[in-house]
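Student: Please work out how this folds:
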Amino acid sequence: AANRALQLFSAMLLMAKDRSWIDSEPAKDITKFQEDERHRYLSDAEITKLLKVLDDEKTNPNSKIIRLIFTTGSRKSEVLAARWRDFDLEKGVWFKKAADTKQKKISYIPLNSEALAVVKELKRNILSAKKLEDCKELIVSNEEYLFYNPETKTHVKDLKAFWKKLCTSAGIKNARIHDLRHTFASILV
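Tutor: Residues are numbered from 1 along each chain as shown. Got it, this is the predicted structure:
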């Protein structure tokens, strides 16, 4: 908490310095407290419960986002901003451009059978819309984002409420969406 308060205070002082309200930024030399990285992995029992709840929520598009995070080990931001053009469903590969990754490196993510099934189901849902008028927005998403939000005309931005609902339903405590990435990596190891 002290480190977060210091970050906020430093930002305020830096803004004041940039606007010439003060001559120096006095908080820049304050040493932050050492912080340990948080690593949380879902247990086998938690994974089973989460997958059961996701099955119950399968009509909710957000459930597919969570499944894709869990089955690819990708960051939430990468999945939310995923574009159709970056997927080769025949080869089962997701190509991530350097500009779209935190490491700023090109990535080729092989899609396992579960991840491929999620992406193919999304594609089928778009293509099986009954009328062109009913799926105009989905056709735009077909050319652009996997998880298109017609209200904002861009991709889905956040999942906090849905994640909280999933964890409550599954009885999972103290878990973040990013913990799915850690869980994926630990399963691979």
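Student: Show me which residues of the helix or strand hosting H182 are buried.
Tutor: Secondary structure from DSSP states H and E places H182 in helix 178-188. Buried residues in helix 178-188, counted by 16 or more other C-beta atoms under 10 Å: D179, L180, R181, H182, T183, F184. For the C-beta atoms, the positions are set from N, CA and C on the backbone; glycine is no exception.
Student: before we move on, what about stretch 147-157?
Tutor: Using 16+ other C-beta under 10 Å as the test for burial, stretch 147-157 gives F147, Y148, H155, V156.
Student: pLDDT on that stretch, on average?
Tutor: Mean per-residue pLDDT for stretch 147-157: 87.
Student: repeat for stretch 174-187
Tutor: Stretch 174-187 comes out at a mean pLDDT of 92.
Student: so where do the helices sit in this structure?
Tutor: Here the chain has its helices, by DSSP state H, at 2-18, 44-56, 61-72, 76-80, 113-127, 136-143, 160-170, 178-188.
Student: between the ones you listed, which gets the lowest average pLDDT?
Tutor: For the helices of the chain, the weakest mean pLDDT is recorded on helix 136-143, namely a mean of 50.
Student: returning to what we had before: could you dump the buried residues of helix 178-188 to CSV with distance to Q103?
Tutor: Formatted as CSV, the buried residues of helix 178-188 follow (distance: C-beta to C-beta, whole Å):
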residue, distance to Q103
D179, 20
L180, 18
R181, 13
H182, 16
T183, 20
F184, 17
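Student: Between those, which sits nearest I69?
Tutor: For the buried residues of helix 178-188, the residue nearest I69 by C-beta to C-beta is L180; the value is 4.9 Å.
Student: and A117, what does it touch?
Tutor: Counting by C-beta atoms under 8 Å, 6 or more residues apart in numbering, A117 makes contact with nothing.
Student: picking that back up, between the helix holding H182 and helix 160-170, how big is the angle?
Tutor: Angle of helix 178-188 versus helix 160-170, following axes from the mean of the first three to the mean of the last three C-alpha atoms, to 10 degrees, is 60 degrees.
Student: what's helix 178-188 packed up against?
Tutor: helix 61-72 (3 or more C-beta pairs under 8 Å, 6 or more residues apart in numbering; DSSP states H and E).
Student: residue nearest the centroid of this structure?
Tutor: K76 (1.1 Å; C-alpha atoms, centre = their mean).
Student: got the contact list for stretch 56-68?
Tutor: 54, 74, 76, 79-80, 82, 114-115, 118-119, 121-122, 146-147, 156, 159, 162-163, 166, 169, 177, 180.
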